[in-house]
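Colleague: give me the fold of what follows.
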Amino acid sequence: MISHLKRVVAVVAISVVTAMPALAEEQMPAERRGGDMAVDMVLARPIGLLSVIGGSLLFVVSLPFTIPSGSMDAAADELVKKPINYTFKRPLGQVGQSTP
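Modeller: This next block holds a predicted model:
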């Protein structure tokens, strides 16, 4: 009888503990979720930094082709400005969104 009671208490406790983050996440605004902030800080920002470095290198390599064609501004926007905005100007935790 006591082992059955312990088992019921354990199942209820596990259910409550696993349900709490889901309930808390629903109450928090989308831009302030801790999990999104952690993923952004650990994964998205370092990858964004690598894309800034890679995009800058590609931009420099593309200059001999983009200057004569007049598309240097478009190349700068796509290869340098967008990765910089995504990595440094976007609020922490907004992983799928970028700043215009």
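Colleague: where does this structure have low pLDDT?
Modeller: Within the chain, the stretches with pLDDT under 70 are 1, 4, 6, 8-32, 95-100.
Colleague: show me where it has helices.
Modeller: Taking DSSP state H as the test, the helices found in the chain are 2-27, 34-39, 45-69, 72-76, 82-84.
Colleague: how about residues contacting the shortest one?
Modeller: Pointing back at helix 82-84 there. 48, 51, 52, 55, 98 (Cβ atoms under 8 Å, 6 or more residues apart in numbering). Placement of C-beta: from N, CA and C, glycine included.
Colleague: how many neighbouring residues does the closest residue to residue 74 other than its chain neighbours have?
Modeller: Spatially, and ignoring its direct neighbours in sequence, residue 74 is nearest to residue 66 (7.8 Å; Cβ to Cβ, 6 or more residues apart in numbering). Residue 66 has 17 neighbours, counted by other Cβ atoms under 10 Å.
Colleague: just residue 57 next, same as before
Modeller: The number of residues near residue 57, taken as other Cβ under 10 Å, comes to 11.
Colleague: what of residue 55?
Modeller: Neighbour tally, residue 55, other Cβ under 10 Å: 19.
Colleague: narrow the contacts of helix 82-84 to just the buried residues.
Modeller: Neighbour counting by 16 or more other Cβ atoms under 10 Å classes 48, 51, 52, 55 among those as buried.
Colleague: ok, the second one - contacts?
Modeller: Spelled out, that is residue 51. 83, 86, 87.
Colleague: that's all I had, so thanks and see you.
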